[in-house]
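Asker: Would you be able to build a 3D model of this:
(chains A and B)
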Amino acid sequence: MASSRKITLRSSDGESFEVEEAVAVESQTIKHMIEDDCADNAIPLPNVTSKILAKVIEYCKKHVDASKAEDRVNDEDLKAWDAAFIKVDQVDQATLFDLILAANYLNIKSLLDLTCQTVADMIKGNLFPVRNEWLNFTFSIANRELVLVCLTEWVAHRRLFCS
Amino acid sequence: MDDLISDLPQSILESILTRLPIRDAVKTSILSRKWRYKWASITELVFDGECVSSLHEGSTIEGSLVKFITRVLFLHQGPIHKFQVSTCYLHSCPDIDQWILFLSRSSDVRELILKLGEAEWVRIPSCLFSCKKLTHLELSSCELDPPPRFKGFLCLRSLSLYRVLVAADAIENLIWNCPLLENLALSYFDDSLAITIRAPNLKHLYLEGDFADIFLENTPLLCNLSVVMYMADDMAEQFELEQSSNCNFVKFLSHAPRLESLAGRAYFAKYLSIGDDPGPLSITFDHLKIIELCEVSFEDMKEVLVLLRLITSSPNLEELRISAGANTSPAGAPDSLDIWERECPADWTFKQLKVVKMTDVDGIPHEMELLKFLLGSSLVLKTMTISPSTYFKHNRMDMLIELLRFRRASSEAEIIFLQE
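Answerer: Numbering: from 1, shown residues only, chains lettered A, B, ... in the order given. Take a look at the predicted model:
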């Protein structure tokens, strides 16, 4: 197999992306599909939308280029690129989560590590809403005292009005 | 805002929760009923400084920490692959025994790290030795006593012992019985340790402390060796008396032909020089690229000879860093300058040596002979950086004048003389 072979990837919404094989095999899932000879035509990726697939390809391209460069791209520079790459999605959390799921499905360890670490940092910084089934608002893990207060009030409320 | 995080697959959530400090991971249990036990199946439990910092005031830190760790272990579900307790607030206590017992019962644990306060030694219970899947073991301030019929950790790749009380033969057997061992770090054993290391797969070895005797008997794959060896002057004399003919240099390095980097700090050069000079070595270090030696005494003929033999057995050396030990007199010992001509192989050249750094240079004869030798035999030398020592300042002009005269084999060589 020539190393500059092109692989076509098709997103869930029907868009086709042509990438170099070296970039495509950053994904272990795609790598196995190629090895199992399922890659004659386009590889369908029913779990990944075109918007997310474009971002994944951007990530993989950068990392493949970084390791090919004559004097290897400085690790710090690559880390800075990763931080900038993921920063946009911290604001748009839906994209961040779609990226996590895509990295998981496509089995791209470095991207999965990057996205999971980002989410962990955001949890530490209390930037995530979690819906509680009793209380109909969302809060974050720092609000322990708030939770206890609300629960106590809710229990008291129930006692008063629902007995 | 939508709650997107709760619907992630459990495997991804575990990956995320593992990256949080353990207290925050456990705190997620209060978020909702769905989240109650999401944290409980993470496979890595790390209790370190961050864990300590958010403890309640009023209770003792150690007591709270012990309760927290025990509670986490109790509520945890599923396999634990990594267990780490690294905080100086925790000292020897009976709970540690129970935690290790708990871990050894399910015997899934692969990485075990115990770095506790240095005031006492924790006696490691023998159930540690039934953790068959261990790949990484790091212990500090512990007392180890492997059971007599212990067959070794068959999966262990990395072993690090810092301030550990253990018998020399127990350590030797432990190392020998871990066939996959690649990384070994031994630091600060209480008594001066004398051991023989047999580890056919060992690649990285780090030794720090004061050792009585080290013999690398079987380390054919060793590529990185880093030694910080403290030795009082009288110890060196004692060695001389005790082991007159065995040369430490040979004992240490002759079984490590694949060495790629050698770093010897504190008094390693002195240690190697003990024993009779072995003559030109029969072994060459074809892969040795970086040598760093500190505190080399250029007044001591034996240490100079060690250095000479080492560098002339390393044809592919790329980087050499030497720091000279303090000299007692500005003139140094001028005798036997002819060893450079006598003992260096004729027409010796360094074909790969590009960087030389020498610090604390006084300009005594043997130091200058080394620089002369390096300049004259390094075909591709790029930089030679010399930092003079802060003593004997009046020598500097003489040193520079002498340096200027030395023949340079590399037309690109730059000599950089660093003033303070």
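
Asker: Show me the residue of chain A that gets nearest to chain B, please.
Answerer: A:A120 (3.7 Å; Cβ to the nearest Cβ). Backbone N, C-alpha and C define where each C-beta goes, glycine included.

Asker: Need phi/psi at B:R321.
Answerer: Dihedral pair for B:R321: phi -130, psi 120, per degrees, to the nearest 10.

Asker: does it really touch B:L307, like I thought?
Answerer: No - look at B:R321 against B:L307 with Cβ atoms under 8 Å: they stay out of range, at 11.9 Å.

Asker: Overlap of the contact sets of the two?
Answerer: B:L293 (Cβ atoms under 8 Å, 6 or more residues apart in numbering or on different chains).

Asker: Looking at these two, which is more packed in?
Answerer: Counted by other Cβ atoms under 10 Å in any protein chain shown, B:R321 and B:L307 do not tie: B:L307 has more neighbours, with 21 against 16.

Asker: separation between B:G275 and chain A?
Answerer: Using Cβ to the nearest Cβ, to the nearest Å, B:G275 is found at 43 Å from chain A.

Asker: I figured that residue was touching B:F249, is that so?
Answerer: Yes - counting by Cβ under 8 Å, B:F249 is a contact partner of B:G275 at 7.1 Å.

Asker: who has more neighbours, those two?
Answerer: B:F249 (23 against 19).

Asker: tell me the pLDDT at the more buried one?
Answerer: Reading off the confidence values, B:F249 has pLDDT 81.

Asker: Where do the strands of the stretch 251-400 of chain B begin and end?
Answerer: Along the stretch 251-400 of chain B, counting by DSSP state E, counting those that start in this stretch, strands occupy B:261-266, B:290-296, B:319-324, B:355-361, B:383-388.

Asker: what do you get for chain A?
Answerer: Along chain A, counting by DSSP state E, strands occupy A:6-10, A:16-20, A:43-44, A:130-131, A:138-139.

Asker: Of these, which shows the lowest average pLDDT?
Answerer: strand A:138-139 (a mean of 50).

Asker: Please pull out the lowest mean pLDDT helix or strand from chain A.
Answerer: strand A:138-139 (a mean of 50; mean pLDDT, DSSP states H and E).

Asker: returning to that earlier point: can you pull the contacts of the residue of chain A closest to chain B?
Answerer: B:I16, B:L17, B:R19, B:L20.

Asker: Which of the residues you listed scores worst on pLDDT?
Answerer: B:L20 (88).

Asker: Tell me how many other residues crowd that one.
Answerer: 21.

Asker: doesn't A:I123 make contact with it?
Answerer: Yes - with contact defined as Cβ under 8 Å, B:L20 and A:I123 form a contacting pair (6.1 Å).

Asker: I would like the residues contacting the strand or helix carrying B:F47, please.
Answerer: Under the criterion of DSSP states H and E, B:F47 resides in strand B:44-48. Residues outside strand B:44-48 that contact it (Cβ under 8 Å, 6+ apart) are B:18, B:22, B:65, B:68-69, B:72-73, B:76, B:80-87, B:111.

Asker: Considering only the contacts of A:A120, which also neighbour chain A?
Answerer: Subset of these in contact with chain A: B:I16, B:L17, B:R19, B:L20, counting by Cβ under 8 Å from any Cβ of the partner chain.

Asker: Kindly provide the distance from the second one to B:Q419.
Answerer: Computed as Cβ to Cβ, to the nearest Å, the B:L17 to B:Q419 distance reads 54 Å.

Asker: Please tell me how far the residue of chain A closest to chain B sits from A:K62.
Answerer: For A:A120 relative to A:K62 (Cβ to Cβ), the value is 22 Å.

Asker: now do B:P147
Answerer: From B:P147 to A:K62 the distance is 52 Å (Cβ to Cβ).

Asker: Next: B:V122.
Answerer: Counting by Cβ to Cβ - B:V122 and A:K62 are separated by 47 Å.

Asker: Between those two, tell me which one has more neighbours.
Answerer: Looking at B:V122 and A:K62 with other Cβ under 10 Å, you find the greater number of neighbours at B:V122, namely 23 against 15.

Asker: Return the residues in contact with that one.
Answerer: Listed by Cβ under 8 Å, 6+ apart, the contact partners of B:V122 are B:H91, B:S92, B:I96, B:L114, B:L116, B:S141, B:C142, B:E143.

Asker: do the same with B:S92
Answerer: B:L116, B:E120, B:W121, B:V122, B:R123.

Asker: could you redo the last one with a cut-off of 7 Å?
Answerer: By Cβ atoms under 7 Å, 6 or more residues apart in numbering or on different chains, the contact list for B:S92 reads B:E120, B:W121, B:V122.

Asker: do A:A24 as well
Answerer: A:I7, A:L9, A:I30.

Asker: could those residues be laid out in TSV, adding distance to B:A40 and neighbour count?
Answerer: Converted to TSV, the contacts of A:A24 look like this (distance: Cβ to Cβ, whole Å; neighbours: other Cβ atoms under 10 Å in any protein chain shown):
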residue	distance to B:A40	neighbour count
A:I7	41	19
A:L9	38	24
A:I30	34	24
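
Asker: now the residues you listed in CSV, with distance to chain B?
Answerer: Listed next are the contacts of A:A24 as CSV, based on distance: Cβ to the nearest Cβ, whole Å:
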residue, distance to chain B
A:I7, 26
A:L9, 22
A:I30, 19
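
Asker: Identify the residue spatially nearest to A:P46, adjacent ones excluded.
Answerer: Nearest non-adjacent residue to A:P46, counting by Cβ to Cβ, 6 or more residues apart in numbering or on different chains: A:S12, 5.1 Å away.

Asker: So which of the contacts of strand B:44-48 reach chain A?
Answerer: For chain A, no contacts are drawn from these by Cβ under 7 Å from any Cβ of the partner chain.

Asker: Flag the shaky bits of the chain, pLDDT-wise.
Answerer: Using chain A. A:1-3, A:39, A:69-73, A:89-91, A:125-163 (pLDDT under 70).

Asker: that answer is for a different chain, and I need it for chain B
Answerer: B:1-2, B:52-59, B:191, B:232-246, B:329-335, B:392, B:420.
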